[in-house]
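In: build me a structure from this.
(one chain, ligands or ions: 1)
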Amino acid sequence: MIKADFIVIGAGIAGASVAYELSKHGKVIVLERESQPGYHTTGRSAAVLETTYGQGDPAIYALTKTSSIFLENPPSGFTDAKLLNWRGKLYIAPKDDRDKVIDRYEKLIKITDDVKLVNREEIRNIVPIINDNYSDLGLYLENELADIDVHALHEGYMKGAKSRGAEFITNAEVLKISKTNVGWCLETNAGDYFAPIIVNATGSWVDEIAKMAGVKEIGIRPQRRTMVVVDAPEGILDIDKWPMVVELVDTFYFKSDAGKIIISPCDTSLSEPCDAQPEEIDVAYAAHYFHECTDIEIRKVEQKWAGLRNGTKDKYPALGFAPDADGFFWLAGQEGIGIMTSPAMSRIAASIIMGEEIPKDIRDVGIDLSIIDVKRFF
Ligand SMILES: Cc1cc2nc3c(=O)[nH]c(=O)nc-3n(C[C@H](O)[C@H](O)[C@H](O)COP(=O)(O)OP(=O)(O)OC[C@H]3O[C@@H](n4cnc5c(N)ncnc54)[C@H](O)[C@@H]3O)c2cc1C
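Out: Numbering: from 1, shown residues only. Predicted structure coming up:
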């Protein structure tokens with residue numbers, strides 16, 4: 001039996017980031033079922049940070065704001081890559097939704113100066129492929145959204161944790177969990193492990209791990225989301241300078257990426273935890289929405305994938321010690337914000353695990369921890 005102070009189950013962004021923080025305090029072992037950490041949701045995201053995600057919801061704002069400071073200036077030696085590349089965000093909406101655009105503007109202007117109403121001509125100046133008939137009025141936030149280098153962030157967390165002695169064991173599926181009066185024994189297909197504290201960072205599988213440990217489940221809801229990559233239209237230049245284009249009520253979005261265009265139909269089909277694959281209907285929806293706002297016919301899909309966004313009933317993340325089992329820590333329910341909030345979430349998680357106060361910079365932005373506390377499900 002191999003022993004550690006902390007065992008983290010799952011080596012996606014949640015597991016890697018909390019391992020990084022916990023490795024400052026003791027021996028960490030991360031157990032990952034796949035051969036490749038980040039194989040599931042972490043490797044399948046849209047890779048963006050939005051500072052106004054949740055339209056000013058104070059809890060989400062506190063998490064994204066403090067995380068963006070880490071991502072902008074990671075600790076020395078964390079990575080050589082630039083983790084954030086800022087670009088704008090353009091909301092478009094069908095003509096009938098003019099009132100909704102104005103409503104959203106009134107909400108956003110309360111939380112940022114970086115939002116302006118844009119008319120049809122301005123929309124076309126910003127992203128020339130939007131057709132004249134689609135949108136009369138939109139919203140442009142010039143500096144509100146950044147692409148995240150997810151690979152570099154994930155690697156930075158793992159490399160940093162390993163440099164402090166953490167071990168990442170891949171091909172190590174946790175198959176059985178039992179409790180003793182001093183901690184948790186975990187049987188995997190790569191040997192047996194023991195720690196007084198275990199962290200459940202298994203994304204779509206968090207309830208399965210809870211069930212295995214005899215802990216009450218929180219009702220996680222994995223929802224499939226599809227991404228489709230197509231070639232950029234011929235003759236259109238500088239597409240990588242475009243903002244991300246988002247339909248106002250989240251019907252679809254698209255963004256340029258290394259000369260291609262990535263489109264998501266924002267599908268939310270409930271799924272079992274699994275290796276999610278794109279369904280043809282959702283790929284067709286992506287093509288349909290893109291055509292509707294640009295008149296551009298998609299003839300060939302270059303690449304497609306799907307991932308599971310794992311939400312709780314109230315859509316907030318769930319973190320904290322399970323009230324019904326000593327030493328069982330939840331780090332779950334990050335839905336569509338798990339990458340952009342990982343620096344703050346992992347620091348909050350580690351401080352709770354260590355029985356310390358939440359870091360001052362996170363407290364100063366103002367966060368009501370009860371909103372993300374897993375105890376609300378008990
Ligand atoms: C299409 C899409 C777009 C998104 N866009 C964004 C975005 O732009 N910005 C953003 O911040 N977030 C985004 N998200 C959300 C973000 O990707 C997730 O919140 C985040 O990746 C969740 O990370 P995780 O570590 O919790 O889960 P995962 O990455 O799924 O990691 C969980 C790990 O646990 C492992 N595991 C499960 N069971 C076991 C077991 N029994 N034993 C051992 N290991 C196990 C799995 O193999 C897996 O590697 C998006 C998600 C999707 C699907």
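In: now do the contacts for the residue nearest in space to the middle of the chain.
Out: Nearest residue to the geometric centre of the chain (CA atoms, centre = their mean): Gly338, 2.7 Å. Residues near Gly338 by CB atoms under 8 Å, 6 or more residues apart in numbering: Gly12, Ile13, Ala14, Thr41, Thr42, Ser45, Pro317, Met345. (C-beta placed from N, C-alpha, C; glycine too.)
In: now the first one: closest residue in space, sequence neighbours ignored.
Out: In space, not counting the residues next to it along the chain, Gly12 is nearest to Thr42; the distance is 3.9 Å by CB to CB, 6 or more residues apart in numbering.
In: the one you found: neighbour count?
Out: 25 (other CB atoms under 10 Å).
In: tell me the secondary structure at Tyr193.
Out: When classified by DSSP: H, G, I helix; E, B strand; the rest coil, Tyr193 comes out as strand.
In: for it, give me its contacts.
Out: Here Tyr193 is in contact with Met1, Ile2, Lys3, Ala4, Ile7, Ile29, Leu31, Cys185, Leu186 (CB under 8 Å, 6+ apart).
In: now it: how far from the ligand?
Out: 11 Å (CB to the nearest ligand atom, to the nearest Å).
In: ditto for Ser35
Out: Ser35 is 10 Å from the ligand, by CB to the nearest ligand atom.
In: who's in contact with that residue?
Out: Counting by CB under 8 Å, 6+ apart, Ser35 has contacts Thr170, Asn171.
In: picking that back up, filter the contacts of Tyr193 down to the buried ones.
Out: Ala4, Ile7, Ile29, Leu31, Cys185, Leu186 (16 or more other CB atoms under 10 Å).
In: give me the contact list for the strand or helix carrying Pro343.
Out: Applying DSSP states H and E as the criterion places Pro343 in helix 342-353. The contact list for helix 342-353, computed with CB under 8 Å, 6+ apart, reads 6, 13-14, 17-18, 20-22, 24-25, 62-64, 66-67, 70-71, 153, 157, 197, 199, 317, 319-321, 329, 331, 334, 338, 357-359, 362, 369, 372.
In: for it, buried residues please.
Out: For helix 342-353, by 16+ other CB under 10 Å, it's Ser342, Pro343, Ala344, Met345, Ser346, Arg347, Ile348, Ala349, Ala350, Ile352, Ile353.
In: and stretch 173-190, by the same measure?
Out: Val174, Ile177, Lys179, Gly183, Trp184, Cys185, Leu186, Glu187, Thr188, Ala190.
In: just put these in TSV and tack on distance to the ligand and pLDDT.
Out: Listed next are those as TSV, based on distance: CB to the nearest ligand atom, whole Å; pLDDT from 0 to 100:
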residue	distance to the ligand	pLDDT
Val174	4	98
Ile177	9	98
Lys179	17	97
Gly183	18	97
Trp184	13	98
Cys185	14	98
Leu186	9	98
Glu187	11	98
Thr188	7	98
Ala190	10	97
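In: looking at those residues, which is nearest Ile262?
Out: When those are ranked by distance to Ile262 (CB to CB), Val174 comes first, at 33.1 Å.
In: give me every residue that touches the closest one.
Out: Ile9, Leu31, Arg33, Leu186, Glu187, Thr188, Ile209, Met212.
In: adjacent strands (with direction) for the strand or helix carrying the fifth one?
Out: Here Glu187, judged by DSSP H and E, is contained in strand 184-188. Applying DSSP bridges, strand 184-188 is found paired with strand 174-179 (antiparallel), strand 191-195 (antiparallel).
In: can you give me the buried ones in the shortest one?
Out: In this case it means strand 191-195. Tyr193, Phe194, Ala195.
In: now stretch 146-160
Out: 146-150, 152-160.
In: let me have the buried ones among the contacts of Tyr193 in JSON lines, extended by distance to Pro94.
Out: Below are the buried ones among the contacts of Tyr193 laid out as JSON lines (distance: CB to CB, whole Å):
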{"residue": "Ala4", "distance to Pro94": "54"}
{"residue": "Ile7", "distance to Pro94": "50"}
{"residue": "Ile29", "distance to Pro94": "52"}
{"residue": "Leu31", "distance to Pro94": "48"}
{"residue": "Cys185", "distance to Pro94": "57"}
{"residue": "Leu186", "distance to Pro94": "51"}
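In: so which bits of the stretch 201-350 of the chain are right by the ligand?
Out: For the stretch 201-350 of the chain, the contact set with the ligand under CB under 6 Å from any ligand atom comprises 201-203, 205, 209, 225, 227, 307-309, 334, 336-340.
In: how about those residues, which pair is most distant?
Out: Ile209 and Met227 (26.7 Å).
In: for Val150, which non-adjacent residue is spatially closest?
Out: Closest to Val150 by CB to CB, 6+ apart is Ala47, at 4.9 Å.
In: got the phi/psi numbers for that neighbour?
Out: phi 60, psi 40 (degrees, to the nearest 10).
In: do the one 4 residues further on as well
Out: Dihedral angles of Thr51 (phi, psi; degrees, to the nearest 10) stand at phi -70, psi -20.
In: hmm, back to that, just the buried members of the contacts of helix 342-353?
Out: Buried, going by 16+ other CB under 10 Å: 6, 13-14, 17-18, 20-22, 62-64, 66-67, 70-71, 153, 157, 197, 199, 317, 319-321, 329, 331, 334, 338, 362, 372, out of those.
In: quick one: mark the members of those that sit in helices.
Out: Counting by DSSP state H, those place 13-14, 17-18, 20-22, 62-64, 66-67, 70-71, 153, 157, 362 in helices.
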